[in-house]
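Visitor: coordinates only, no sequence provided:
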């Protein structure tokens, strides 16, 4: 078992989270959220990885063969679809904020609180 996928997942999560906290641009914030979401892909694939595992197509594979877990692959694909939807929604909100306030700086959105 390798520690590398987990370290990469943590690094991506921390880098994306730092980008979200430090960003002064809504588009950059959305992109950093995408990086945070990508860390979950690496984590899930690290959990589902099997050394010398074969594809989970069991039509012609002997019973004693090690197979890669197909559930993890399905979760990653579902995660990708959900991320694409969320990113599209967030970018649409950024476009609307730019149309209304003329800026993508979160500090300029203060009138929304009043």
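Guide: Looks like it arrived, so ask away. Predicted model only: the values in this text are computed from it and were never measured.
Visitor: how about stretch 41-52: buried residues?
Guide: 41, 42, 43, 44, 45, 46, 48 (16 or more other C-beta atoms under 10 Å). Yep, even glycine has a C-beta here, placed from its N, CA and C like the rest.
Visitor: just those residues: which are in helices?
Guide: Of the buried residues of stretch 41-52, the ones assigned to helices by DSSP state H are 41, 42, 43, 44, 45, 46, 48.
Visitor: now the residues you listed in a markdown table, with pLDDT and distance to residue 8?
Guide: A markdown table is the format used below for these (pLDDT from 0 to 100; distance: C-beta to C-beta, whole Å):
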| residue | pLDDT | distance to residue 8 |
| --- | --- | --- |
| 41 | 90 | 10 |
| 42 | 91 | 5 |
| 43 | 91 | 9 |
| 44 | 89 | 12 |
| 45 | 86 | 10 |
| 46 | 86 | 8 |
| 48 | 81 | 15 |
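Visitor: on that earlier part again, with distance to residue 110 added, can I get the buried residues of stretch 41-52 in CSV?
Guide: What follows is the buried residues of stretch 41-52, written out as CSV (distance: C-beta to C-beta, whole Å):
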residue, distance to residue 110
41, 35
42, 36
43, 36
44, 38
45, 41
46, 41
48, 44
